[in-house]
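Colleague: Predicted model and sequence follow; I will ask about them next.
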Amino acid sequence: MSLTKSIRYNFMKDIGAPAVMGFAKAGKKKRRRKPNPNFGPPLKCANRLKEIMTRHYFLSRYAEGARPVAWVTSGAPVELLRPFDFYTIYPENHGALCGAQRLGPELCSVAEEHGYNQDLCSYARIDIGHFLSGKTPVGKLPRPDILFASNNICQTVAYWYKVLAHQLKIPFLLFDTPYNFEEITENDITYMVSQLEEMIPILEEVSGKRFNNQRFEQIMLLARDSSFTWGEVLATMKTEPAPMTIFDAFIHLAPIVSLRGLPVALDYYQTLLDELRERIDRGIGAIKNERKRLMWDNIAIWYKVRDFSNLFAEHGMNFVTATYTNAWAETISNMDTDKPLESMARTYSLVVLNNNLNHRLGLMERLIKEYKVDGLVIHSAKSCKPYSVGQYDLKRLLMDRLGVPSVVIDADITDFRAYSEEQTRTRLEAFFEGMED
Amino acid sequence: MNSPYFAGVDVGSLSTEAMILDTTDEPVSYSIIQTGANSIDAASESFEKALAKSGVSQDQVKSIVATGYGRISIPFADKRVTEISCHALGAYHLFPDTGTVIDIGGQDSKVIRVGDGGKVLDFTMNDKCAAGTGRFLEVMADKLQVSLNEMGPLSLKAGGEVSISSICTVFAESEVVSLVAQNHPKNEVIRGLHRAVVNRVWSMIKSIGVHGAVTMSGGVAKNSGVVGLIEERLGKPIHVHPEPQIIGALGAALLAKKNFLRASP
């Protein structure tokens, strides 16, 4: 690592970033959006979240050369990287950000011009498109020194990161989690633990730092507490009316995905949890007239989050739970500093997408009961095959077992060329009509 | 005071239907026309045609519900309801034992699970693709130079069946061209095309499940070849009204009456 770059990074971290962000805030005219009568007061925490994420991306520009940089998938056991002081970038989070800003098709097209198929995940196409063109709404992403992926969310990440590793000529660590068809076996655990053990010397070499077990344990506890707190944040939505909506949770998900294991994430979720509990005490709902409670399945449709949020609120329908947001809270109780690597293997291999459909059905049934869900909106995402497979079976089974009506929307997470407004409107309206007694 | 009448207008991608009902839910008249380029004009024209046939004046029609993909733009409608709810209600009204509706229209195909009173319990629709819809058959009929109405009877006369491998309408079109060039009998190709439509719809039927009696609606229900193949696969007969295209407009008209009675009890 270069000393000049390190000094520059530390200057930006302590003085530059707060100053620049302060100026930006002061210079920005407050856009007063007309309050939507269907919503309760907005979350005060939203500004703090924006600051955290802006700072994260802003500082990342200066991280290159000053700190080791890793690009990481959303389901990778990042706790292992933190003791080596890696600056971590999450291409999936960046992809969601591009999607929300409606840049999906533009960046995907760059990848397509280089021969990547339209059927490939649009997070992968955005990332490769960004890599090839340098285009990003966050200014600049730092060049990685290492790539770290886990195929517990899909197999695509393995090939996508392999492309990057090949182009950048940097090491690529893949944490291979055997798919859980029935129950996870001891052999599976041994296999996963030995992979993590093998990674440590490589991480030492890339970062130039020795592995510090004590620091690792602290990080594990920090990550565990953050995920627990995130789980408690989500659980506030069991209250009627729910103090937040799942559309809020889609946005507030960013720290648990990309800053997991850092003090800032835990700190943020504690603040958010306090605010939500206060809202519950005061009977404040996210939407004013919560008549029906819904569940969301699959990743968000990033370019439609605001529109959908308004549309459902208009109908007095609030999304109170999602299999997606739940994924970063669900398995964390496995984390155990007495058996660090083994417990990490369990935590990361038992996530919803690495688990069989019966498990997912059980999870959905539990969420439907706990959150008193009246209906289910299923996003069939063109990008995400592992998430979208089996949805029609789940739909039918949940109808048969619990009588919960549902609707399937064909769309994509960021590439809105795969989204039809007209078709979606008809399906959602029919769903609304069916939900009325 | 004259007794009130109610109307439903179903503006689909290919055809537009209007239905006028009296207070006893009996159809007074209906019309079916091509939608063409302007859905608002088509809605007005079909409504006027139905009025002319019935001898009912526009003032006597107390409530109008619009449905179909063009429902949003119909200025004279009192209410807009999706075709999913309308087909369910229309089918239930005609065949009260209906538990499942298969609707294959111009650019949509859907399977609806229907509950008591014609309520929609669950539904599924085709994704963003015209395979398995009326449009698919229309394109193929054009390519084979037969009329849409002839396709059903022709396919029933087929001795065998040619398998169509493409799901995509555009690719199937060129496949049909080459099959005809290889001297495969037209009726066998048509039967293969019907099979392709049914295979496509079958996955939707399976995803919703078959509940109670099955009623088929939409223009493709007029095709005896497709109906026969669905019955064969289901292993039981299905209800088909002589005018399956009007089921959406009928459901809309029934909702118009309900709407009127709710507003003025």
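Modeller: Perfect, I can see it now.

Colleague: from here on, contacts and neighbour counts on C-alpha atoms
Modeller: Fine.

Colleague: In the chain, what residue spans correspond to strands?
Modeller: You didn't pick a chain, so chain A it is. Listed in chain order, the strands of chain A (DSSP state E) span A:69-72, A:87-89, A:146-150, A:172-175, A:292-297, A:317-322, A:375-381, A:406-411.

Colleague: The chain in question should be chain B.
Modeller: Assigned by DSSP E, chain B shows strands spanning B:5-11, B:15-21, B:27-34, B:61-67, B:79-80, B:98-104, B:109-114, B:120-125, B:213-217, B:239-240.

Colleague: mean confidence for the third one?
Modeller: Read it as strand B:27-34. Averaged across strand B:27-34, pLDDT comes to 95.

Colleague: can you pull the buried residues of that strand?
Modeller: Residues of strand B:27-34 classed as buried by neighbour count (16 or more other CA atoms under 10 Å in any protein chain shown): B:27, B:28, B:29, B:30, B:31, B:32, B:33.

Colleague: got any ranges where chain A has weak pLDDT?
Modeller: Across chain A, the ranges flagged by pLDDT under 70 are A:28-32, A:437.

Colleague: Write out the residues of it neighbouring chain B.
Modeller: Selection of chain A residues close to chain B by CA under 8 Å from any CA of the partner chain yields A:392-393, A:396, A:399, A:405-408, A:410, A:420, A:422-423, A:426, A:429-430, A:433-434.

Colleague: Of the residues you listed, grab the buried ones for PyMOL.
Modeller: In PyMOL, this line selects whichever of the residues of chain A next to chain B come out buried by 16+ other CA under 10 Å:
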select buried, chain A and resi 392+396+399+405+406+407+408+410+423+426+429+430+433+434
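
Colleague: Now do the same contact list for residue A:105.
Modeller: A:414, A:415, A:416, A:417 (CA atoms under 8 Å, 6 or more residues apart in numbering or on different chains).

Colleague: Also residue A:45?
Modeller: By CA under 8 Å, 6+ apart, residue A:45 lies in contact with A:271, A:272, A:275.

Colleague: repeat for residue A:387
Modeller: Taking CA under 8 Å, 6+ apart, we find residue A:387 in contact with A:298, A:353, A:380, A:381.

Colleague: Neighbour-wise, give me the winner out of those residues.
Modeller: Of all the contacts of residue A:387, the highest neighbour tally under other CA atoms under 10 Å in any protein chain shown goes to residue A:381, namely 27 neighbours.

Colleague: Hmm, that residue is touching residue A:302, no?
Modeller: No. Residue A:381 lies out of contact with residue A:302 (CA atoms under 8 Å); the separation is 11.3 Å.

Colleague: and for these two, which residues touch both?
Modeller: residue A:413.

Colleague: ok, is stretch B:78-91 in contact with chain A or not?
Modeller: Yes. Using CA under 8 Å from any CA, we find that stretch B:78-91 touches chain A at B:81, B:82, B:83, B:84, B:85.

Colleague: where's residue B:191 relative to chain A, distance?
Modeller: Noted for residue B:191: a distance of 29 Å to chain A, by CA to the nearest CA, to the nearest Å.

Colleague: Just give me the neighbour total for that residue.
Modeller: Residue B:191 has 27 neighbours, counted by other CA under 10 Å.

Colleague: thought it was touching residue B:158?
Modeller: Yes. If you go by CA under 8 Å, residue B:191 and residue B:158 touch, sitting 7.1 Å apart.

Colleague: Pull up the gap between the spatially most central residue of chain B and residue B:258, please.
Modeller: Note on chain B: the residue nearest the mean C-alpha position is residue B:218, at 1.4 Å, using CA atoms, centre = their mean. Per CA to CA, to the nearest Å, residue B:218 is found 23 Å from residue B:258.

Colleague: List the contacts of residue A:300.
Modeller: So, once contact is read as CA under 8 Å, 6+ apart, residue A:300 ends up touching A:250, A:379, A:413.

Colleague: Narrow the residues of chain A next to chain B to those in helices?
Modeller: Among the residues of chain A next to chain B, DSSP state H puts A:392, A:393, A:396, A:399, A:422, A:423, A:426, A:429, A:430, A:433, A:434 in helices.

Colleague: Output these in CSV, with distance to residue A:228 appended to each entry.
Modeller: Shown next, in CSV, are those (distance: CA to CA, whole Å):
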residue, distance to residue A:228
A:392, 31
A:393, 31
A:396, 32
A:399, 31
A:422, 40
A:423, 39
A:426, 39
A:429, 37
A:430, 37
A:433, 37
A:434, 36
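
Colleague: What is the burial count for residue B:89?
Modeller: Neighbour tally, residue B:89, other CA under 10 Å: 30.

Colleague: Residue B:184 now?
Modeller: That count, for residue B:184 with other CA under 10 Å as the rule, works out to 15.

Colleague: which residues touch residue B:98?
Modeller: Taking CA under 8 Å, 6+ apart as the test, what residue B:98 contacts is B:91, B:92, B:114, B:212, B:213, B:214, B:215.

Colleague: And for residue A:273?
Modeller: Residues in contact with residue A:273 (CA under 8 Å, 6+ apart) are A:229, A:232, A:233.

Colleague: Look up how far chain B lies from the second one.
Modeller: Separation of residue A:232 from chain B (CA to the nearest CA): 33 Å.

Colleague: Which residue, other than its chain neighbours, is closest to that residue?
Modeller: Of all residues not flanking residue A:232 in the chain, residue A:273 sits nearest, at 7.2 Å (CA to CA, 6 or more residues apart in numbering or on different chains).

Colleague: what does the last one give?
Modeller: Leaving aside its sequence neighbours, residue A:233 sits nearest to residue A:273 (CA to CA, 6+ apart; 5.3 Å).

Colleague: if we can go back for a sec, out of the strands of chain B, deepest packed?
Modeller: Compared across those, strand B:5-11 shows the largest average neighbour count, a mean of 32 (mean count of other CA atoms under 10 Å in any protein chain shown).
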